[in-house]
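> Sequence and predicted structure are below.
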Amino acid sequence: MSTHVSLSQLDRYAAGDPALDEPSVWAIEVHLEECADCRARLAGSTTGDSRAVIERVAAGLAREIAASPAPDTRTRPWSVLRHRWLVGTLAPWLAMTAAVIACAALLSGLRTGLPSLVLLIAPLAPLPGVAVAWHRRADPAWEVVAATPAAGLITLLRRTAVVLAFVIPGLALVGAGTGVSLALILLPCLAFTVATLLLGTLVGVRRAAIGLILTWTIVVVAPSLATARMPVLLEPESATVWALATAVLTVGAILRVNGFRRLSHHD
């Protein structure tokens with residue numbers, strides 16, 4: 001924020017007004033970290049009871065800090081990297097994704113008469129990882145990370161990038177080994193990832209991922225396996241359509257950037 005916080009906003013912030021949207025709350029908190037004047041004005045906006053509670057908490061924290069050993073001042077770059085970009089619960093989901101891709105490649109190599117399973121599952125490959133990339137039930141440090149001003153959107157995008165960095169090379173390798181078009185593998189994969197993020201601003205990333213997985217499985221995968229025919233959506237001529245869809249969905253996600261700031265409250 002380039003100017004000081006207004007008194008009305010400070011009063012609403014101090015009172016915990018639920019009508020004050022999250023971007024405004026984060027902006028106020030970032031400004032308060034740097035502005036002693038606004039911190040002093042905030043102190044005047046609180047009630048006597050709340051100031052008494054703050055003083056008791058501050059005194060208790062001061063005693064505990066004084067009795068605690070000195071903190072380790074050494075930097076731990078890996079620890080910072082792990083919390084910002086990675087989460088331990090992603091590992092089993094990525095391992096499962098790798099196993100599914102490998103099985104699909106193996107079955108495609110057996111030439112069982114079925115359409116390419118690699119093409120059919122490629123759009124869904126990153127979605128399980130994206131679904132747990134930023135979710136309160138999947139991240140043991142969710143409360144700590146969520147308390148930071150840049151938590152929801154930035155953390156989600158970072159961890160989604162990690163998922164794609166793992167999935168895309170695997171799909172490309174399998175596609176090259178099976179002779180499947182790389183464009184028809186990677187473009188639907190990216191389109192579904194962006195679609196999950198876009199829908200996540202409305203219903204939550206986890207629900208969006210599950211919904212897209214179920215819809216694609218029911219509408220495309222199951223009929224293709226039943227008829228042993230490749231769907232029109234994955235014919236070579238559809239690559240341009242997937243590229244256009246990815247671009248349109250990306251623009252939509254950018255326009256919905258404010259919705260990303262509320263992702264921390266979605267299941």
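Received it, and whenever you're ready, just let me know what you need.
> C-alpha only now, for contacts and for neighbours.
Noted.
> Look up how far residue 114 lies from the most centrally placed residue in the chain.
Centroid-nearest residue in the chain, with CA atoms, centre = their mean: residue 156, separated by 2.6 Å. Remark: distance between residue 156 and residue 114 (CA to CA, to the nearest Å) = 36 Å.
> Ok, residue 243 next?
Counting by CA to CA, the gap from residue 243 to residue 114 is 26 Å.
> what does residue 106 give?
From residue 106 over to residue 114 (counting by CA to CA), the distance is 12 Å.
> where does the stretch 151-267 of the chain dip in pLDDT?
151-153, 258-267 (pLDDT under 70).
> which SS state does the residue nearest to residue 28 when sequence neighbours are not counted fall under?
Using CA to CA, 6 or more residues apart in numbering and skipping the chain neighbours, the partner closest in space to residue 28 is residue 5 (6.8 Å). Secondary structure, DSSP: H, G, I helix; E, B strand; the rest coil: residue 5 is coil.
> How far off centre is the top helix by length along the chain?
The residue-count maximum for a helix in the chain (DSSP state H) belongs to helix 151-178. Distance of helix 151-178 from its chain centroid, counting by CA atoms, centre = their mean, to the nearest Å, is 12 Å.
> Tell me which other helices or strands that helix touches.
Applying 3 or more CA pairs under 8 Å, 6 or more residues apart in numbering; DSSP states H and E, we find helix 151-178 packed against helix 77-85, helix 90-109, helix 117-121, helix 127-133, helix 182-203.
> Tell me which of the ones you listed is the most buried.
helix 127-133 (a mean of 26; mean count of other CA atoms under 10 Å).
> pLDDT on that helix, on average?
Across helix 127-133, the average pLDDT comes to 84.
> my guess is residue 4 meets residue 36, correct?
No: judged on CA atoms under 8 Å, residue 4 makes no contact with residue 36 at a distance of 10.5 Å.
> who touches both of the two?
Taking CA atoms under 8 Å, 6 or more residues apart in numbering as the contact rule, residue 4 and residue 36 have no neighbour in common.
> Just give the number of residues close to residue 157.
18 (other CA atoms under 10 Å).
> thinking again about what came up before, please tabulate the helices and strands packed on helix 151-178 in JSON lines, including the columns distance to residue 249.
Putting the helices and strands packed on helix 151-178 into JSON lines (distance: least, CA to CA, whole Å) gives the following:
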{"stretch": "helix 77-85", "distance to residue 249": "23"}
{"stretch": "helix 90-109", "distance to residue 249": "24"}
{"stretch": "helix 117-121", "distance to residue 249": "20"}
{"stretch": "helix 127-133", "distance to residue 249": "16"}
{"stretch": "helix 182-203", "distance to residue 249": "6"}
